[in-house]
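**Q** Build me a structure from this.
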Amino acid sequence: MSLWGRYLVRNVFVGFGAAAALLIPLFTTFDLISELDNVSAGGYRWTQAVAVVLMTLPRRLIDLGPFIALLGGIVGLGQLAVSQELTALRAAGVSIVRIALAAVTAGVLLTASLAALDEWVASPLQQRGLQMRNAAITSSDEAVNAKGTLWARRGNEIARIDSVAAHNRPMGIEIFRYNPDNTLASYIHADNASVSQDGSWTLNQVNFKQWSEGEETVRELDSLQWTSIFSSIHLKELTLPSDSFSIKQLSRYIHFLKATDQPVDQYSIALWQKFGRPILTLAMILLAVPFTFVQQRDPGMGSRLAVGAVVGLLTYVGNQIIVNLGLLFALNPLLTTLLPPLFILGAALMLVYRFDRNA
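**A** Modelled structure (predicted):
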């Protein structure tokens, strides 16, 4: 890369840092206010709420990546425009397309860093924080099924888990087995279960009911062995939201859901969003280039940042609306998550090309 290219990339990264320093504290404050709503006496403490917010900070940084890319690009390139350095580059024969390519280089480095942060730092930290919050809320007397209910299906067998306690211990297990004509063949309720290393389950304090030829048989058992539908998945993962999963976890969980005849749209969308976000980040970097040259005579960056903030916010909200509509109407996850970023990327490329031809 040329000397001016490295200089431009460095300035764009300075812009990224400035945008992150502006946005992260703002959104972290909102997250903390939201977490404090869950604080209760004898359960979830305010110190734990602060810890959870700090542990989800990398996730917040990743979610704001496209927003940071747009505002950071406007700040970095805008500063060069104010100091007339971009004008000097243009006078030296450097095209707007080449300037955009240098900015995209900074964007590629940013997206690669955020992708690595997502897979190996943000996901584990967020999951640990959410598990800590769930454990604290569950221990409170005011908690009511704070961890949610888990369902799975295998053939004519349907299983439900009320919650997951410490050490991956399932609580409140119900197992329904149906005949081919969809009549109930047996029902099992267990207070809890012990999960062995090989994945087999021992149900404890079991109430076992069977129906045959119109007659009901009821047995009370201290324990019962069961080949679990959940045996290939760590139960703690199933209680977490899809946006906290890494790519590896999402792929494994989607395979599990398909194997147990459960809907996969929510997790497929979460998986493809991880590939759509880098595309959207690069599109936002490219959009910063027209912002810079269309207002190059403006002595300050206030108007650029204001318009950039509005565009970034509308893009973020619009993308979330499209994703939720895709989930609501069961649209193709690939198109729902990748089509909007690709459309914005195409529009940004057209704008850069147009500005370059008209320059």
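
**Q** tell me the secondary structure for residue 330?
**A** coil (DSSP: H, G, I helix; E, B strand; the rest coil).

**Q** How about residue 71, nearest residue that isn't a chain neighbour?
**A** Distance criterion CB to CB, 6 or more residues apart in numbering; nearest residue to residue 71, sequence neighbours excluded, is residue 19 at 3.9 Å. Every C-beta, even on glycine, is put in place using the N, C-alpha and C of the backbone.

**Q** tell me which residues in the strand or helix carrying the one you found are buried?
**A** Under the criterion of DSSP states H and E, residue 19 resides in helix 3-36. Buried residues in helix 3-36, counted by 16 or more other CB atoms under 10 Å: 4-5, 8-9, 11-12, 15-16, 18-20, 23, 28, 31, 35.

**Q** contacting residues for the residue nearest to residue 71?
**A** 67-68, 70-72, 75 (CB atoms under 8 Å, 6 or more residues apart in numbering).

**Q** Just among those, which is most surrounded?
**A** residue 72 (31 neighbours; other CB atoms under 10 Å).

**Q** pretty sure residue 122 contacts residue 55?
**A** No. Assessed by CB atoms under 8 Å, residue 122 is found out of contact with residue 55, at 9.3 Å.

**Q** Can you list the buried residues in the helix or strand hosting residue 350?
**A** Using DSSP H and E, residue 350 sits in helix 333-358. Buried positions in helix 333-358, judged by neighbour count with 16+ other CB under 10 Å: 333, 336-338, 340-341, 344-345, 348-349, 351-352, 355-356.

**Q** Around residue 324, count how many other residues there are.
**A** The tally of other residues near residue 324 (other CB under 10 Å) stands at 12.

**Q** Wasn't it part of a strand?
**A** No. Checked against three-state DSSP, residue 324 lies outside a strand; its state is helix.

**Q** mind checking how far it is from residue 43?
**A** 31 Å (CB to CB, to the nearest Å).

**Q** go on, residue 78?
**A** Counting by CB to CB, the gap from residue 78 to residue 43 is 48 Å.

**Q** Pick out whichever of those two has more residues nearby.
**A** residue 78 (26 against 18).

**Q** pLDDT (mean, whole number) over the helix or strand where that one lies?
**A** According to DSSP H and E, residue 78 maps onto helix 65-82. Mean per-residue pLDDT for helix 65-82: 92.

**Q** Quick check: which helices or strands does the helix or strand just after it pack against?
**A** Helices and strands here follow DSSP H and E; after helix 65-82, the next one along the chain is helix 85-91. Helix 85-91 sits against helix 65-82, helix 96-117, with contacts defined as 3 or more CB pairs under 8 Å, 6 or more residues apart in numbering; DSSP states H and E.

**Q** Using PDB, write out the CA atom coordinates for the shortest one.
**A** Think helix 65-82. Written as PDB, here are the backbone C-alpha positions of helix 65-82 (Å, rounded to 0.1, in the frame of the first residue of the first chain):
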ATOM      1  CA  GLY A  65     -20.000  -2.100  14.200                       C
ATOM      2  CA  PRO A  66     -21.800  -0.700  11.100                       C
ATOM      3  CA  PHE A  67     -22.900   2.400  12.900                       C
ATOM      4  CA  ILE A  68     -19.300   2.900  14.100                       C
ATOM      5  CA  ALA A  69     -18.000   2.300  10.600                       C
ATOM      6  CA  LEU A  70     -20.200   5.000   9.100                       C
ATOM      7  CA  LEU A  71     -19.600   7.700  11.700                       C
ATOM      8  CA  GLY A  72     -15.900   6.700  12.000                       C
ATOM      9  CA  GLY A  73     -15.500   7.000   8.200                       C
ATOM     10  CA  ILE A  74     -17.200  10.400   8.200                       C
ATOM     11  CA  VAL A  75     -14.900  11.600  11.000                       C
ATOM     12  CA  GLY A  76     -11.700  10.200   9.600                       C
ATOM     13  CA  LEU A  77     -12.300  11.300   6.000                       C
ATOM     14  CA  GLY A  78     -14.000  14.500   7.000                       C
ATOM     15  CA  GLN A  79     -11.000  15.600   9.000                       C
ATOM     16  CA  LEU A  80      -8.800  15.100   5.900                       C
ATOM     17  CA  ALA A  81     -11.300  17.100   3.900                       C
ATOM     18  CA  VAL A  82     -11.300  20.000   6.400                       C
END
